[in-house]
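**Student:** Curious how this folds, go ahead:
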Amino acid sequence: LKVVPILCNPGPASAMRLCVLATLAAGLERGTCGMECAADADCGKCGDEGTGRCSSPASKTQFPAIAASCTSAPADAPQEPQPSIDDSTWPSQWQADAETRTYGDFKTHSPVIAKARYFYDGVLGRERAEWHPYINGKNTTQVWIGGTATTQSKYYVKSGPLCIYFPITDPATKQTVNLQLPDWMPQCGKAGLATYEGREKVDGEWADHYACVMDYEAANQTIAFQSWHSLGLGATPRGMPMRVTGGNSVPSATKGSPRLNTVWYRNFTVGPGSVKPSDFEKPALICIPVGEEEAASFLSSHQQRDHRQHRAHYLPFRQADREDLVRARTKRPRETYQGATLSRAMDRLNAVLTRDEGLVLRRCGEFSVQELQRAQRELYAARSTDLQELYQGDARALPFETVEELEAAHDQQSQALDHEDLKDMVRDGLCHETVMLYVHHLTEAARQELKSGEFVLPTLPTTAHGAPAVDSPVHRAAHVRYADQVSCATCHTVPTSVVV
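**Tutor:** Residues are numbered from 1 along each chain as shown. Take a look at the predicted model:
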């Protein structure tokens with residue numbers, strides 16, 4: 001089974017597009033609707049009293065949590081119109097407000113929220129998302145104009161005053177990327193993968209619920225997609241997607257492949273007049289072109305196509321300026337950035353951070369490990385590959401070259417959290433590494449972009465952790481990782497290095 005041809009127009013990156021629909025945002029009060037669940041009791045606040053239930057189309061797979069979410073299923077469902085999967089086909093042109101709840105992985109139980117106005121033109125292969133805000137807390141415009149057999153697709157990103165664009169093609173075949181098919185659920189039905197889950201209510205209106213669960217053996221993962229299309233008995237036109245839910249058994253919040261993701265659409269405008277050519281124009285008078293090779297290099301550490309949209313957000317801010325390069329080539333910090341002990345050195349550096357205009361700081365001890373890992377994922381998406389190249393053989397060099405390696409390190413840290421005596425060391429090591437990422441791996445432009453959103457940086461811990469008293473493989477690995485994370489502090493501590 002190949003997922004892409006079933007769900008999307010040709011073009012390997014279009015496997016991403018259905019997931020992208022499920023990364024939008026929040027506003028309408030929905031109680032527990034769309035929230036993860038394990039039983040009907042978890043869904044008591046979805047819909048009218050007594051109507052909430054836990055729906056899990058993937059319950060017969062090894063990964064029921066990729067599709068288990070709360071729905072409202074009153075007993076008095078109308079008999080007409082008769083259910084038809086063909087009714088789930090999208091109109092060729094429409095726009096709507098989009099709202100979502102997203103669970104990044106199996107350890108995440110609090111959804112991430114964002115929002116957008118979404119424009120879709122299936123006739124000419126174009127889409128636009130107006131993020132208010134984007135995942136970094138800043139308003140962003142993204143426009144995707146699909147290509148043809150003779151023209152390249154163009155993907156525009158505008159955040160603040162900067163606008164860039166670049167072509168999106170498969171790195172191997174150079175095929176052009178296009179949008180998802182309007183009839184992606186009927187296509188699943190033709191492949192024998194779709195099931196009718198029932199007649200339910202979405203935002204108080206009746207809708208038919210279909211699911212498509214795929215065991216993608218080639219990738220050793222299970223993928224689930226669900227669609228609730230309107231019956232046309234309320235304010236929403238018949239067939240419109242009122243809710244879409246997606247899930248992945250191999251989730252990665254950093255790659256845009258969440259474990260469970262629900263998007264709602266409302267305030268539809270449908271038909272030939274619902275979108276116009278100006279909706280899909282480039283989002284600024286001047287947009288800087290990024291060559292295919294340059295864009296491919298910047299995105300190369302994020303091989304799963306779903307996450308490239310996140311990484312691409314920082315393309316306009318990738319160029320290091322003279323000050324960035326001078327700092328990167330300076331192997332020893334100035335005396336004003338040094339201290340005789342770790343405590344004094346970190347106090348000095350924290351004082352420097354407090355003078356960084358616009359930067360929001362919080363004490364390291366007030367962060368959870370999960371919050372610090374999320375901050376690292378954001379910084380890793382924003383980092384400069386040019387600066388990393390200058391740090392070869394330097395304590396500032398990152399120990400991971402891809403998001404997979406970053407996540408492997410995060411998984412190791414999470415395992416260490418099972419040991420109470422390692423929790424503070426794991427957290428403090430993450431704080432050191434997170435600050436190092438912000439200071440040494442971001443261009444000034446990328447730092448300004450982060451500060452314009454909702455990013456919060458931890459302060460540097462002022463105490464060091466020695467080797468754990470317990471000698472076990474987990475304890476030894478955690479201390480080795482911690483020693484690597486605080487190695488940058490060695491350059492700031494004179495005359496002796498940090499003791500670990």
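**Student:** alpha carbons only for contacts and neighbour counts from here, please
**Tutor:** OK.
**Student:** Next, the closest residue to V112 other than its chain neighbours: secondary structure please.
**Tutor:** Excluding the flanking residues, the one nearest V112 by C-alpha to C-alpha, 6 or more residues apart in numbering is T102, at 5.0 Å. Secondary structure assignment for T102 (DSSP: H, G, I helix; E, B strand; the rest coil): strand.
**Student:** Quickly note the distance from T102 to Y120.
**Tutor:** Per C-alpha to C-alpha, to the nearest Å, T102 is found 22 Å from Y120.
**Student:** And these two? Which one has more around it.
**Tutor:** Set side by side, T102 and Y120 show more neighbours around T102, with 29 against 26, by other C-alpha atoms under 10 Å.
**Student:** got a pLDDT number for that one?
**Tutor:** Looking at T102, its pLDDT is 85.
**Student:** Same question for the one 4 residues further on.
**Tutor:** On pLDDT, F106 comes in at 85.
**Student:** Any idea how many residues pack against it?
**Tutor:** Counted with other C-alpha under 10 Å, F106 comes out at 16.
**Student:** I'd assumed R259 was in contact with it.
**Tutor:** Yes. Taking C-alpha atoms under 8 Å as the definition, F106 is a contact partner of R259 at 6.5 Å.
**Student:** between those two, what contacts are shared?
**Tutor:** A65, P251 (C-alpha atoms under 8 Å, 6 or more residues apart in numbering).
**Student:** any idea how far V112 is from H132?
**Tutor:** Per C-alpha to C-alpha, H132 is found 14 Å from V112.
**Student:** To clarify, my last question referred to A211.
**Tutor:** 23 Å.
**Student:** And these two? Which one has more around it.
**Tutor:** Between A211 and V112, counted using other C-alpha under 10 Å, the more crowded position is A211 (26 against 17).
**Student:** What residues does the more buried one make contact with?
**Tutor:** Contacts of A211 by C-alpha under 8 Å, 6+ apart are P57, M185, A194, T195, Y196, E197, A224, F225, Q226, S227.
**Student:** Could you verify my assumption that the last one touches Y210?
**Tutor:** Same thing as S227. Yes. Judged on C-alpha under 8 Å, S227 makes contact with Y210 at a distance of 5.3 Å.
**Student:** Show me the shaky parts of the stretch 101-250 of the chain.
**Tutor:** Low-confidence segments of the stretch 101-250 of the chain, defined by pLDDT under 70: 134-137, 149, 168-178, 217-219.
**Student:** Would you map the helices across it?
**Tutor:** 184-190 (DSSP state H, counting those that start in this stretch).
**Student:** Please save the CA atoms from stretch 384-404 in PDB.
**Tutor:** Output of stretch 384-404 as PDB, limited to C-alpha atoms (Å, rounded to 0.1, in the frame of the first residue of the first chain):
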ATOM      1  CA  SER A 384      21.800  28.200  11.600                       C
ATOM      2  CA  THR A 385      23.700  25.400   9.700                       C
ATOM      3  CA  ASP A 386      26.400  27.900   8.900                       C
ATOM      4  CA  LEU A 387      27.200  28.500  12.500                       C
ATOM      5  CA  GLN A 388      27.200  24.800  13.300                       C
ATOM      6  CA  GLU A 389      29.900  24.300  10.600                       C
ATOM      7  CA  LEU A 390      32.100  26.900  12.400                       C
ATOM      8  CA  TYR A 391      31.900  24.900  15.700                       C
ATOM      9  CA  GLN A 392      33.500  21.700  14.500                       C
ATOM     10  CA  GLY A 393      35.800  20.500  17.300                       C
ATOM     11  CA  ASP A 394      34.300  23.200  19.600                       C
ATOM     12  CA  ALA A 395      32.300  22.700  22.800                       C
ATOM     13  CA  ARG A 396      29.500  24.700  21.200                       C
ATOM     14  CA  ALA A 397      29.000  22.100  18.400                       C
ATOM     15  CA  LEU A 398      25.700  20.300  18.600                       C
ATOM     16  CA  PRO A 399      25.900  16.600  19.300                       C
ATOM     17  CA  PHE A 400      22.900  15.800  17.000                       C
ATOM     18  CA  GLU A 401      22.700  16.400  13.300                       C
ATOM     19  CA  THR A 402      19.000  15.500  12.700                       C
ATOM     20  CA  VAL A 403      15.800  15.700  14.600                       C
ATOM     21  CA  GLU A 404      15.900  11.900  15.000                       C
END
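**Student:** got the phi/psi numbers for Y380?
**Tutor:** Main-chain dihedrals, Y380, degrees, to the nearest 10: phi -70, psi -40.
**Student:** number of nearby residues for it?
**Tutor:** A count of nearby residues for Y380, using other C-alpha under 10 Å, gives 24.
**Student:** ok, it - contacts?
**Tutor:** V403, L437.
**Student:** Distance of it relative to V435?
**Tutor:** For Y380 relative to V435 (C-alpha to C-alpha), the value is 12 Å.
**Student:** got it, and T89?
**Tutor:** Distance check for T89 against V435: by C-alpha to C-alpha, it reads 48 Å.
**Student:** again with A207
**Tutor:** Relative to V435, A207 is positioned 48 Å away (C-alpha to C-alpha).
**Student:** Looking only at neighbour counts, state which of these two leads.
**Tutor:** Ranked by neighbour count (other C-alpha under 10 Å), A207 and V435 place A207 first, with 31 against 21.
**Student:** and the more buried one, what does it touch?
**Tutor:** Per C-alpha under 8 Å, 6+ apart, neighbours of A207: R199, E200, K201, W228, H229, S230, L231, M242.
**Student:** can you put the residues you listed in JSON lines and add neighbour count and distance to C488?
**Tutor:** Converted to JSON lines, the contacts of A207 look like this (neighbours: other C-alpha atoms under 10 Å; distance: C-alpha to C-alpha, whole Å):
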{"residue": "R199", "neighbour count": "24", "distance to C488": "58"}
{"residue": "E200", "neighbour count": "25", "distance to C488": "56"}
{"residue": "K201", "neighbour count": "25", "distance to C488": "55"}
{"residue": "W228", "neighbour count": "26", "distance to C488": "51"}
{"residue": "H229", "neighbour count": "29", "distance to C488": "54"}
{"residue": "S230", "neighbour count": "27", "distance to C488": "56"}
{"residue": "L231", "neighbour count": "25", "distance to C488": "60"}
{"residue": "M242", "neighbour count": "27", "distance to C488": "50"}
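**Student:** Cool, thanks, talk later.
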